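[1] return a 3D structure for these sequence lines:
(2 chains)
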Amino acid sequence: MSTMVALPVLLPLIAGAVSLALWRSRFAQRSIGVVANLALMWVSVELLLLTWNEGIQVMHMGSWPAPFGIVLVSDMLGAIMVVLTAIIGLATAVYSLSGVSRRHEHYGYYPLMHLLLAGVNGAFLTGDIFNMYVWFEVMLVASFALLILGGERAQMEGAIKYVTLNLLSSALFLSGIGLLYGLTGTLNMADIAMKLNSVEDTGLITVIAMLFMVSFGIKASAFPFFFWLPASYHTPQVAVSALFAGLLTKVGVYALFRVFSLIFDHDVGYTHTLLLWMAALTMLTGVLGAAAQFEFRRILSFHIISQIGYMILGLALFTPLAIIGGVFYLMHHIIVKANLFLVSGVVYRLKGTHELKDLGGLYRSHPWLGVLFLIPALSLAGLPPLSGFFAKFILIRAGVEVEAWWVVAVALVVGLLTLYSMIKIWAEVFWKAQPEGVSHPVDPAAHQGGLWLMVLPIVGLGLMTLFIGLWGQPIYLLAERAAVEMLDSSRYIDAVLGSAQGVRP
Amino acid sequence: MNMQSLILRTAAHFLLPLLMLFSVFLLLRGHNEPGGGFIGGLVAAAAILLHLFAMEIKSARSVLHVDPRTLMGVGLALASLSAVPAAFLGQAFFTAQWLTLDVPALGELKVGTVLLFDIGVYLVVIGAVLTIMLSLAEAED
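    Sure, this is the predicted structure:
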């Protein structure tokens, strides 16, 4: 048992609470925002090292033994996700110092940000399926509020679609949990996985698996459930968009990875083939949707969808290499996608619009911004030597190994179309001349300095992208360990239930 | 929001302290019997809302003394902090810690982190309900 396991959840929770209690003081909220996220970063890295060195870490909350109480489990996959959450949390916290307006701060931006991070980390670390539902809700409630912060018309419109579909997904998730509990009599995921082996009615298990697939598919915005994402992600503050783009859909992907490796691996031929179709169609629809868009953040939103397809592809192929690819892709994508949204925020601040046709000439006036955009953009498209190249390379190699040619073809074509979209943004925003006669009111705050606070996290995330690309071996090893643990679910089960005997009641 | 009813106003005046007392009773009773922070918090919030219906928003806010958002934050902080003491004793977070006090004339009194958690929940519920209701009421004005 280790104290570290609970800290990534508890820390943002306490930070959020204190930040809420001090809601009058703008200074206190901003400092807590940065300090707490620095601390979260440290705690997460410690947890990752601990999990790497000493194997899966388990904590029985309230000292209630495993199948009865709630456990927090940190295996490699969970620990990696927690570190990524901390990275994005820290990046947005710094960015928000000058990227979020006073009005939004006053309405509780910082407390909500902390609560969102607590919810996300809780979902990554919990070993209890109902507790995962609770963390999903914590995260969703915070995200609802963040989405409508400011209360503009477009935000409301996006939020209604977002809320409706996510509530539907929660309802399906809850029904799935109910059926699973009826079947096994337990909510602990390790215990469920063990008890399902002795269940006769595999048909019913498949039905439940479908409920989970649809529910998490909505959360992850996979085909055909993705409509809410492009309808809502371009509406809130850029910092919020980046936070959402980096983390929220990935919680859905994480849940798919967790559930379809630990619990529903009895009928891989059926469930994972379905996932494979889902992955291919998600990639295609996402990238084609992006090709039709001419608004900076809408293009990026559609690309989230197509990238989600790659991650699900890793899970669907379900070979060791494919899972390594999926986890690698998660790591690469979270950093790159959040970074792209942050860049869009800087562009907006300089030009006052997100519309591609009204933008232009930025390379002439801000060449450094062009470079900062190109790093994540080309990485997203999968150009070597950036992080996206290796992520795609592993996945495609895995596809070739199992001779799933059509999926490999789709993945390659989608990569090419991603490059097209990124080059479209590059050409429109940075390369072409500033169109005549269009001017958008630029936020007066833009001239007050503080731009470096917005650029700093972009540089940091860009360096990480380069690092993953140029020195990918340690990242690959992390992903490999995560994949080994996922494919051999007995490790997880032993870690959670095995130690149960030794714990005092 | 002002209903201008003399009966309601008089009744609310007397009911407010009674209901608050009742909510604290529910909060404390919650450890072993039905009750607890959540239900206690709802009763307390209802009491303040009754005051709001009978008088007006300003008066309801003044009954509170603090902003409901602050209440929410303090409550959440208390509830989260109640997880921490166990960690210093080398146990898992949220493991209940008990302190037995000898109170003269009353006998033994057991105070634990569970109560701290419940008080936290109590404050969060009051804060959350009032934040929602007060902003609705103010939007109507």
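[2] going forward, measure contacts and count neighbours with C-alpha atoms only.
    Noted.
[3] and the residue of chain A nearest chain B?
    A:G62 (3.6 Å; CA to the nearest CA).
[4] any idea how far that residue lies from A:I70?
    For A:G62, the distance to A:I70 equals 8 Å [CA to CA, to the nearest Å].
[5] of the two, who's got more company?
    Neighbours of A:G62 and A:I70, each counted by other CA atoms under 10 Å in any protein chain shown, are more numerous for A:I70; the result is 22 against 19.
[6] what's the neighbour count on A:I475?
    With other CA under 10 Å as criterion, A:I475 counts 17.
[7] now do A:G269
    Using other CA under 10 Å: A:G269 sits among 10 other residues.
[8] list the contacts of the one helix or strand it maps to.
    Element membership for A:G269 (DSSP states H and E) is helix A:268-291. Helix A:268-291 has contacts (CA atoms under 8 Å, 6 or more residues apart in numbering or on different chains) with A:206, A:209-210, A:222-224, A:298-313, A:315-318, A:407, A:410-411, A:414, A:417-418, A:420-421.
[9] just the buried ones from the residues you listed?
    A:206, A:209-210, A:222-223, A:298-313, A:315-318, A:407, A:410-411, A:414, A:417-418, A:420-421 (16 or more other CA atoms under 10 Å in any protein chain shown).
[10] inside helices: which ones of the residues you listed?
    Among the buried ones among the contacts of helix A:268-291, the ones falling in helices (DSSP state H) are A:206, A:209-210, A:298-313, A:315-317, A:407, A:410-411, A:414, A:417-418, A:420-421.
[11] average pLDDT for the helix or strand containing B:T100?
    According to DSSP H and E, B:T100 maps onto strand B:98-103. For strand B:98-103, the per-residue pLDDT values average out at 76.
[12] which other helices and strands contact that strand?
    strand B:107-112 (3 or more CA pairs under 8 Å, 6 or more residues apart in numbering or on different chains; DSSP states H and E).
[13] so the strand it packs on versus strand B:98-103, what angle?
    150 degrees (axes from the mean of the first three to the mean of the last three CA atoms, to 10 degrees).
[14] which elements pack onto strand B:107-112?
    Taking 3+ CA pairs under 8 Å, 6+ apart as contact, the helices and strands that strand B:107-112 lies on are strand B:98-103.
[15] show me which positions of stretch A:459-466 end up buried.
    In stretch A:459-466, counting by 16+ other CA under 10 Å, buried: A:V459, A:L461, A:G462, A:M464, A:T465, A:L466.
[16] in chain B, what residue lies closest to chain A?
    B:T95 (3.6 Å).
[17] confirm that residue sits in a strand?
    No - read with DSSP: H, G, I helix; E, B strand; the rest coil, B:T95 is coil and lies in no strand.
[18] on the pLDDT front, check it for me.
    The model reports B:T95 with a pLDDT of 80.
[19] for it, grab phi and psi.
    phi -70, psi 130 (degrees, to the nearest 10).
[20] identify the residues contacting it.
    A:M61, A:G62, A:S63, B:A83, B:A86.
[21] name the nearest residue to the fourth one, ignoring sequence neighbours.
    Just to be clear, that refers to B:A83. Distances taken as CA to CA, 6 or more residues apart in numbering or on different chains put B:F94 closest to B:A83, at 4.1 Å, once the chain neighbours are dropped.
[22] what about the helix or strand of chain A with the lowest mean pLDDT, near chain B?
    Lowest on mean pLDDT, DSSP states H and E among the helices and strands of chain A sits helix A:102-106, with a mean of 81. No - Helix A:102-106 does not reach chain B (CA under 8 Å from any CA of the partner chain); its nearest approach is 11.6 Å.
[23] how much space separates the residue nearest to B:A83 from A:T3?
    Taken as CA to CA, the span from B:F94 to A:T3 is 11 Å.
[24] just the helices from chain B, written as ranges.
    Going by DSSP H, chain B shows helices at B:6-29, B:37-54, B:57-64, B:68-81, B:85-88, B:113-140.
[25] can I take it that A:R349 is in a helix?
    Yes - applying three-state DSSP, one finds A:R349 inside a helix.
[26] mind listing what residue 94 touches?
    If you meant another chain, say so; for now it's chain A. With contact taken as CA under 8 Å, 6+ apart, A:V94 is in contact with A:V34, A:L453, A:M454, A:L456, A:P457.
[27] oops, wrong one, chain B.
    B:F94 neighbours (CA under 8 Å, 6+ apart): A:M61, A:G62, A:S63, B:S82, B:A83, B:V84, B:A86.
[28] the stretch 151-300 of chain A: helices as residue ranges?
    Here the stretch 151-300 of chain A has its helices, by DSSP state H, counting those that start in this stretch, at A:153-184, A:189-196, A:202-220, A:228-232, A:238-262, A:268-291, A:296-317.
[29] want to throw those into CSV with mean pLDDT?
    Shown next, in CSV, are these (pLDDT from 0 to 100):
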stretch, mean pLDDT
helix A:153-184, 91
helix A:189-196, 90
helix A:202-220, 91
helix A:228-232, 87
helix A:238-262, 92
helix A:268-291, 90
helix A:296-317, 92
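[30] per-residue confidence at residue 12?
    Defaulting to chain A. pLDDT at A:P12 comes out at 93.
[31] wait, chain B
    On pLDDT, B:A12 comes in at 83.
[32] okay then, goodbye and thanks.
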